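> Build me a model from this:
(chains A and B)
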Amino acid sequence: MRVKELGKDRRAETITLFIGPQHPGSGHLRLVVELDGDVVVGIRPDIGWVHRGVEKIAETKKFVQVIPLIERPSIIDSANMNVGYVRAVEKLLGVEVPDRARYIRTILCELNRIASHLYGIGIFGNMIGTSTIFMWSFGDREIIVELMQELTGARLTYSFFLPGGVKGDLPDGFEEKLEKGLRYIENRIPEYNALFIENPVTEDRLKGVGVIDREKAVQIGLTGPNLRASGVEYDARMVGEYGAYKDLGFKPVTRPEGDSFARLMVRFDEIDGSIGLIRKAIREMPQGPIMHERTKGMARQVLMKVPEGEAFSRVECGRGELTFFVVSKGGDKPHRVRMVTPSFRNLIGFETALVGHRLADVPTVYGSLDYFPPEADR
Amino acid sequence: MSALVAPWPISLILEPEVFIPLVYPGLVVLTLTLLGIIWLERKLTAKVQRRYGPLYVARKLGGAAQPMADGIKFVFSEQIIPRNTDKLVFIFGPLLLFTFSILPVIGIPLSPGYTAIASDISLLIVVALVVIAPIVLLMVAWGSNNKFSLIGGLRDGYLMISYEVPIILSILAMAALYNSLDLIEIAEAQAGTWGIFLNPLAALAFFAAMLIATGRFPFEIAEAETEIVAGWTTEYSSALYMSNMGTSYTRMYVMAHLFTLVFLGGWNPLPGFLPASGLLPGLMILVKSLAVMGLMVLLRSIYPRFRVDQGVRIGWHKLFTLSMAAIALSVLLVASGVWG
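Below is the predicted model of the structure:
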């Protein structure tokens, strides 16, 4: 429509704004926002821009080949993705992971959670306009990424967990490097507090914005830090069916407020929690094998035939609970792999949290939900 | 001016009516300052964010030629004019905007007697010229025929009505204090004590309103990248975009000069090696203005941005109250005989 005609059109009382998929604040996602003045009266997330059919491709690959595939949707959180799938296959195989392997898994998963939370916090900071926190957290995340590279050999996609155990033991001198890295992150947290969390502008922007109360959070099925920020004490690590969380006495972080600020703070506190878990895991780590006898060696992994059956696993990713449902018909390829990612479940939070807020709160809520489009699209 | 008789082109340039609009504080020094301040902004932000910032263009100078390289790149990239825009406004709007942004410098004196327009209300002239530009900005935003631009322009409009009142009130507070609206008299009155120490409330209100007016953080609301792409300048590319970007920095440059003259003593205190008249005292103004601009751009690395409703609220609740208090303070100072 020509500009002149647009000015005369009196029917237009609301503006429909297409935010994304090519928008500096959208990621691979389109938000169709209905605006009345500056107030959001409706929002519809339009997803699927980076769908690559992971579930279907998985049916054409051998069990061990699926591991790199299911890591890809969330490369910044790949160890947690990996452990979810591997747990389901282990249940089908009926193998128990050796104790040392469970501890190594816990260490890598928690390192990856710190990296994932730093990533989320950085993006969040950028979305509300502070590029400093973006640069800081991405820079500090590098420390963790280097540690994970030291352990696994890869920076982002580790494929380190195989059915029955882990690929390798801790390298020589890893404990000292790990402790140094963790101490560095710990020392940086007060600086984040001073610049970002206690910044009056941050508080003005985040407090009371995008509130999802406890009942609503449970009703719409939020998960992960977003659920815990609404005061629900649930974490898939509590269930304790993977890793060494039960032995380590894991306790989830919760906050009662349910607003964007609470969601940010839960992530910050979980970084602290993860550091504690890693330290404890290093201290209490038992000696022993790192791979179950039945799946040891490359040949056994590649030629693996999985008995017929169905298995379900749940793990806690950086963004929430990830569930896998794997069906085997007794061959060397899975018959069906169903993967429900936390971002997909958190997506609904947009509609609940945003209506009635301002246009400027769209990126705030987006960042606070820590929504990661490739993870949701799979 | 001086005992030496300069050849006529030089003496012509040194005439205040030519020198002020064209050289300093006009176009030449403005251009250099913009290049410098953009480099400084990127370098300061990089320091805070533990990065290098611009590095490779003119490496020995710490990448100081990077803004120049960016400028050349902007000029030679394709100028895209989208269909369905109001072409006249789309093309001439940015130029008009830039013109209105630079216009206030003609009222800025460099020393007693060295001024382009000798007027006893030069302060009012400068302030009046400063607040014209946002109207053109609204026009440009509308002419772009883009929803993000429109929202950005409207945001700027909302902010405009909330920062102009505190700016004018805090200026009035200082005018009452110096009993003058002439920038030369105001600067001369600060030979002893600077305005910022006489009436810190007015200085604070003016500085904050200045941040809103120039779209600095935490009030970078009209150009919020993650919310409305680049606000009113979304559709622009190439040289016209550069003009838009320059406008924002030009406004900062002009406001910083105004702040220097009204609150930081202008050319006072004058160091001994500078003559008391002519154009050289302008160096003091430049140095102080650069410091003010440096402070303004440093805020980018510290604050997130406010929402537009919060920005408007700060303008009307906090800054309006503050500038009214500044007027009361001025009246108190004058009435009690402490000053003036």
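
> Show me where the chain has its strands.
No chain in the question, so chain A it is. Remark: strands assigned in chain A by DSSP state E are A:15-19, A:30-36, A:39-46, A:161-162, A:165-166, A:309-317, A:320-328, A:334-340.

> closest one to chain B among those?
Among the strands of chain A, the nearest to chain B by C-beta to the nearest C-beta is strand A:15-19 (5.7 Å). Heads up, the C-betas are built off the backbone N, CA and C, glycines and all.

> Just the C-alphas of that closest one, formatted as PDB.
Provided in PDB are the C-alpha atoms of strand A:15-19 (Å, rounded to 0.1, in the frame of the first residue of the first chain):
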ATOM      1  CA  ILE A  15      -0.400  -3.300  13.800                       C
ATOM      2  CA  THR A  16       0.700  -6.800  12.900                       C
ATOM      3  CA  LEU A  17       4.400  -7.000  13.200                       C
ATOM      4  CA  PHE A  18       6.500  -9.800  11.700                       C
ATOM      5  CA  ILE A  19       9.500 -10.200  13.900                       C
END
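
> Can you pull out the residues in contact with it?
A:25-26, A:30-35, A:359, A:362, B:147-148, B:151 (C-beta atoms under 8 Å, 6 or more residues apart in numbering or on different chains).

> Show me what from chain B comes close to chain A.
Within chain B, the positions lying close to chain A (C-beta under 8 Å from any C-beta of the partner chain) are B:45, B:48-51, B:84-86, B:142-143, B:145, B:147-148, B:151, B:217-218, B:220-221, B:224-229, B:300-310.

> how about the residue in the stretch 201-350 of chain A that chain B sits nearest to, what does it touch?
The minimum distance from the stretch 201-350 of chain A to chain B, using C-beta to the nearest C-beta, falls at A:Val201 (4.8 Å). Residues near A:Val201 by C-beta under 8 Å, 6+ apart: B:218, B:303-306.

> and the residue of the stretch 151-300 of chain B found nearest chain A, how far is that from B:Gly152?
Closest contact between the stretch 151-300 of chain B and chain A, by C-beta to the nearest C-beta, is at B:Thr226 (3.2 Å). In this view, B:Thr226 and B:Gly152 are 13 Å apart by C-beta to C-beta, to the nearest Å.

> go on, A:Thr60?
Relative to B:Gly152, and taking C-beta to C-beta, A:Thr60 is found at 48 Å.

> what about these two, which has more around it?
Taking other C-beta atoms under 10 Å in any protein chain shown, A:Thr60 and B:Gly152 do not tie; B:Gly152 has more neighbours (29 against 11).

> how about the strands of chain A, which one is nearest B:Leu137?
strand A:15-19 (19.4 Å; C-beta to C-beta).

> Who does the closest one pair with, and is each partner parallel or antiparallel?
Sheet partners assigned to strand A:15-19 using DSSP bridges are listed as strand A:30-36 (antiparallel).

> residues touching B:Ala176, list them.
B:327, B:330-331, B:334.

> Buried residues, stretch A:333-342. List them.
A:333-334, A:337, A:339-342 (16 or more other C-beta atoms under 10 Å in any protein chain shown).

> Spatially nearest residue to B:Leu264, not counting backbone neighbours?
Spatial nearest neighbour of B:Leu264, excluding adjacent residues (C-beta to C-beta, 6 or more residues apart in numbering or on different chains): B:Lys288 at 4.9 Å.

> If you count neighbours, what's buried in the helix or strand that neighbour falls within?
Assigned by DSSP states H and E, B:Lys288 belongs to helix B:282-298. If you call a residue buried by 16+ other C-beta under 10 Å, then helix B:282-298 has these buried ones: B:282, B:284-286, B:288-290, B:292-293, B:296-298.

> Kindly reformat those as TSV containing pLDDT.
Output for these, formatted as TSV (pLDDT from 0 to 100):
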residue	pLDDT
B:Gly282	84
B:Met284	86
B:Ile285	88
B:Leu286	90
B:Lys288	91
B:Ser289	92
B:Leu290	91
B:Val292	93
B:Met293	92
B:Met296	90
B:Val297	89
B:Leu298	89
